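[1] Sequence unavailable; structure follows:
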């Protein structure tokens, strides 16, 4: 049996906390921050529904991926159309800036005092 390092689960940072942190770092109110984030969510969904990829600068990009059943012929594919689609997912791809900020050579790791689920 081998033990591998892994990210230790922590408490998630909730939207309300992010809003407060942005408010403190900017000149806008928390209500304005929340309104902009709500509008961003709406517009990202709208763009994805229209088949677009959404690039959010130094954050990353969102795009739709699908899992579909194959059709034996082009005619069958055209006839069945969207009925061949079995699953739609949203994929997030981190930007170079985010990827580089998690370069293993620049991260500090703390030792874990106890090994969870050890047998």
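    Structure's in. What do you need? What you see is a predicted model, and the numbers here were worked out from it, not measured in a lab.
[2] Now residue 67: which helix or strand?
    Using DSSP states H and E, the secondary-structure element containing residue 67 is strand 60-68.
[3] Which residues does that strand contact?
    Under the criterion Cβ atoms under 8 Å, 6 or more residues apart in numbering, residues 44, 48, 51, 53-56, 84-95, 98 lie in contact with strand 60-68. The way it works is simple: take the backbone N, C-alpha and C, and place the C-beta from them, glycine included.
[4] ok, 7 Å please
    Outside strand 60-68, the residues within contact range by Cβ atoms under 7 Å, 6 or more residues apart in numbering are 44, 48, 53-55, 84-95, 98.
[5] What residues of stretch 45-56 count as buried?
    When burial is assessed from 16 or more other Cβ atoms under 10 Å, stretch 45-56 yields the following buried residues: 47-48, 54.
[6] center of the chain, which residue is that?
    Relative to the mean C-alpha position of the chain, the nearest C-alpha, by Cα atoms, centre = their mean, is the one of residue 92, at 4.2 Å.
[7] Run through the bridge partners of that residue.
    Beta-bridge partners of residue 92, counted by DSSP bridges, are residue 62.
[8] i'd like the first residue to be 76 from this point on
    Got it, first residue is 76 now, which makes that one residue 167.
[9] coming back round to it: out of the contacts of strand 135-143, name the ones that lie in strands.
    When the contacts of strand 135-143 are checked against strands using DSSP state E, the ones located there are 129-130, 160-169.
[10] which of the residues you listed count as buried?
    Neighbour counting with 16+ other Cβ under 10 Å marks residue 129 as buried within the ones in strands among the contacts of strand 135-143.
[11] Let me have the ones in strands among the contacts of strand 135-143 in CSV, adding pLDDT and distance to residue 96 as columns.
    CSV is the format used below for the ones in strands among the contacts of strand 135-143 (pLDDT from 0 to 100; distance: Cβ to Cβ, whole Å):
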residue, pLDDT, distance to residue 96
129, 98, 23
130, 98, 24
160, 96, 39
161, 97, 39
162, 97, 35
163, 96, 32
164, 97, 29
165, 98, 25
166, 98, 26
167, 97, 21
168, 97, 24
169, 95, 20
